[in-house]
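A.B. asks: Give the three-dimensional model of this entry:
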Amino acid sequence: MKLQLRPSLLKVRRQSVKWIIIHHTAELYPQPAARIDNAQFQIPNLYKGVLEDKTGDINYHYVVEKIKEDYHPVVTRPFVYLCDWPDIPPDINKRAIHVALLGSYDFKVPDKRLYEVLAYRLLNPMLKMFYLNLAKIKFHRDVSTDKELSCPGDFMEMARVEALVRRYVIK
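C.D. replies: Okay, the predicted model is just below:
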């Protein structure tokens with residue numbers, strides 16, 4: 001079955017980007033293959049979740065996936081479209097770019113390489129492009145109205161994200 005993307009179902013961004021929200025995929029797609037970080041290519045499991053949930057597209061702008069032995073950011077939704085997160089206040093959500101780390105970091109400690117790829121290939125270019133500072137990078141749990149949420153996982157550390165973003169500053 002070929003995936004039919006339906007951009008007409010997606011809301012268009014009307015305001016400039018002011019936030020970058022980091023997620024993991026475990027909270028949205030319950031398929032076991034989309035929850036466990038391993039060396040298999042897992043994006044097809046996210047598409048399967050989209051088809052099963054009858055949504056228009058993957059609900060993140062980027063997904064960082066482990067392919068073989070390294071991590072790669074994959075564009076899954078253009079910036080012009082909003083992601084729909086009812087637990088994130090609209091004043092933040094309508095101005096956010098959403099980045100997901102494939103897997104569940106409630107169960108696994110993220111590799112150093114995952115932090116490096118996230119900082120160097122995604123966060124630093126976005127900070128530069130949208131004229132943002134480090135304070136505008138948030139974990140989903142930090143902006144959610146659901147206080148029980150652990151996304152992007154109990155093992156993700158903002159201090160490590162911030163340290164690597166500072167290390168790879170684009171001048």
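
A.B. asks: and the next element down the chain from the strand or helix carrying His98?
C.D. replies: For His98, the element it lies in under DSSP states H and E is strand 96-101. The C-terminal neighbour of strand 96-101 among helices and strands, as given by DSSP H and E, is helix 112-117.

A.B. asks: So what's the residue count around Arg95?
C.D. replies: 17 (other C-beta atoms under 10 Å). For the C-beta atoms, the positions are set from N, CA and C on the backbone; glycine is no exception.

A.B. asks: Partner strands of the strand holding His98, with direction?
C.D. replies: Sheet partners assigned to strand 96-101 using DSSP bridges are listed as strand 19-24 (parallel), strand 62-67 (parallel).

A.B. asks: residues in contact with the first one?
C.D. replies: With C-beta atoms under 8 Å, 6 or more residues apart in numbering as the test, strand 19-24 has contacts from 60, 85, 88, 92, 95-106, 118, 123, 126-127, 132, 136-140, 143, 151-153, 156, 161.

A.B. asks: related to what we said a few turns ago, can you give the contact residues for the strand holding His98?
C.D. replies: By C-beta under 8 Å, 6+ apart, the residues outside strand 96-101 that reach it are 17-25, 28, 37, 59-64, 73, 79, 83, 85, 88, 110, 114, 118, 122-123, 126, 130, 152-153, 156.

A.B. asks: just the helices in this structure please.
C.D. replies: Taking DSSP state H, the helices of the chain run over residues 32-35, 43-53, 90-93, 112-117, 124-130, 140-143, 158-167.

A.B. asks: What's the mean pLDDT across the second one?
C.D. replies: Helix 43-53 comes out with an average pLDDT of 55.
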